[in-house]
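1. Here is a sequence with its predicted model. Questions after.
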Amino acid sequence: MPERSPETHVIDFRAAEHLLAARDPRGAIRLLDPVITAHPENTAARLLRARAFFLAAQLRSAELEFQIVLEREPANSFAHFALARTLERANRPDEALRHFRLAAALEPRPEFLEAARFAPGAGRGGREAGASGDAEW
């Protein structure tokens, strides 16, 4: 493998973003693994890899990555929301609701409020709010 540099890591990160947008989460994970190995403190790369794990249905790996992000950035509303979606998908609704509520408290976006059951019509478990949102992240 050729020598890796900060520049190649940036290129790999950007390419991983494109792969994720193209619905190739496994390809994104392959590109992000060496980036995170070289820069384990890079929260953006970890968040992107967590999203890729989620879309690849590797829920335990996604959960662990989101938790690492939240250890470093406890006020990251998106990480709470994404962790909640992961827990919800893993059939752990009580844990998910806690993180949905933290996300909504940190940033009262409509989809966060609905998932947290703070918005009108939110008694449906919040799943409708994430059906289209999963593709975005």
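-> Perfect, thanks for sending it.
2. residue contacts, the spatially most central residue of the chain?
-> Centroid-nearest residue in the chain: residue 51, 3.8 Å away (criterion: Cα atoms, centre = their mean). Taking Cβ atoms under 8 Å, 6 or more residues apart in numbering as the contact definition, residue 51 lies against 20, 25, 62, 82, 137. C-beta: built from backbone N, CA, C; applies to glycine.
3. ok, residues contacting the helix or strand harbouring residue 87?
-> Assigned by DSSP states H and E, residue 87 belongs to helix 77-89. The contact list for helix 77-89 (Cβ under 8 Å, 6+ apart) reads 47, 50-51, 54, 59, 62-63, 66-67, 69-70, 73, 93, 95-100, 102-104, 106-107, 109, 111-112, 115, 125-127, 130, 133-134, 137.
4. Generate a PyMOL selection restricted to the buried subset of the residues you listed.
-> A single PyMOL command selects the buried members of the contacts of helix 77-89 (16 or more other Cβ atoms under 10 Å):
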select buried, resi 47+50+51+54+59+62+63+66+69+70+96+97+98+99+100+102+103+104+106+111+112+115+125+126+130+137
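5. circling back to that earlier point, which parts of the helix holding residue 87 are buried?
-> 77-89.
6. Nearest to residue 41 among those residues?
-> Taking Cβ to Cβ as the measure, residue 41 lies nearest residue 79 of the buried residues of helix 77-89, at 15.4 Å.
7. For residue 26, see how far away that closest one is.
-> 22 Å (Cβ to Cβ, to the nearest Å).
8. And residue 106, by the same measure?
-> For residue 106 relative to residue 26 (Cβ to Cβ), the value is 31 Å.
9. Any stretches of the chain with poor pLDDT?
-> 1-2, 119-137 (pLDDT under 70).
10. And the helices in it?
-> Assigned by DSSP state H, the helices in the chain fall at 6-21, 25-38, 43-55, 59-72, 77-89, 93-106, 110-115, 127-131, 133-136.
11. Which strands or helices does the first one pack on?
-> The reference is to helix 6-21. helix 25-38, helix 43-55 (3 or more Cβ pairs under 8 Å, 6 or more residues apart in numbering; DSSP states H and E).
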